[in-house]
Structures are given as C-alpha cells and as structure tokens.
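Undergrad: Here is my input, please return the structure:
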Amino acid sequence: MEVLTGVPAGERQVDGKYPEGTVHYLVDERLHEMGEAMRQFGRKPKDETATEKSEGEETSEEPADIEEPAPKKPRRRKPPQQ
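TA: Modelled structure (predicted):
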C-alpha cells in the first residue's frame with residue numbers, strides 16, 4: 001500500500017484502532033461513517049419527530065390498522081385412485 005499511495009498502511013493497535021494518517025485509519029473512519037448512515041437511513045430527524053408529536057400526529061413506526069392474516073389450514077391430500 002505504502003509504495004502505491006505514499007501513505008503508510010498502518011497496523012492495528014492494541015485498542016483495535018489504526019494510527020491516524022494511515023490508509024487503514026481512513027478506511028476504518030469511512031466504514032464507520034457509512035455504517036452510521038445506514039443506521040440513520042429512513043429515520044425521521046429528531047426535530048421533525050418532535051414537531052409531529054406536538055401537532056398530535058401519530059408517530060409510531062408500525063402501521064396501526066393492519067391486521068395479520070389468519071394462518072392457512074393444511075390441506076388433506078386425496079388418496080390416489082386405482
């Protein structure tokens with residue numbers, strides 16, 4: 001890595017992190033940013049949720065009026081006719 005980029009690759013330290021200024025440190029930071037973005041995807045911002053609560057709108061994550069379908073009854077097979 002160092003030969004190609006001119007930046008040291010870096011070795012994982014005892015605490016599990018990489019030294020700042022290394023390729024692995026930059027990759028690790030970017031992966032953490034992407035992971036946080038994935039966790040936040042689809043969530044409403046905190047200030048937007050607070051506004052909706054004050055206006056009296058429902059803020060539950062699950063739809064309120066959807067019922068689960070009843071389980072299907074097993075079918076009996078007809079014996080083969082001879």
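Undergrad: So, low pLDDT: which residues of this structure?
TA: The chain contains residues with pLDDT under 70 at 48-66, 74, 77, 82.
Undergrad: And the helices in it?
TA: Counting by DSSP state H, one finds helices in the chain at the ranges 2-5, 23-40, 46-55.
Undergrad: out of everything not next to it in sequence, what's closest to Val7?
TA: Val23 (5.3 Å; CB to CB, 6 or more residues apart in numbering). For every residue, glycine as well, the C-beta is placed using N, CA and C.
Undergrad: ok, that neighbour - how many residues close by?
TA: 17 (other CB atoms under 10 Å).
Undergrad: Then Pro8?
TA: 15.
Undergrad: ok, now the one 10 residues further on?
TA: For Tyr18, the tally of surrounding residues (other CB under 10 Å) stands at 20.
Undergrad: Next: Gly35.
TA: 10.
Undergrad: Glu29 versus that one, what's the distance?
TA: Gly35 is 11 Å from Glu29, where distance means CB to CB, to the nearest Å.
Undergrad: Report the contact partners of the residue nearest to Gln13 when sequence neighbours are not counted.
TA: In this structure, Gln13 finds its nearest non-sequential neighbour in Pro19, 6.7 Å apart by CB to CB, 6+ apart. Applying CB atoms under 8 Å, 6 or more residues apart in numbering, we find Pro19 in contact with 8, 10-11, 13, 25.
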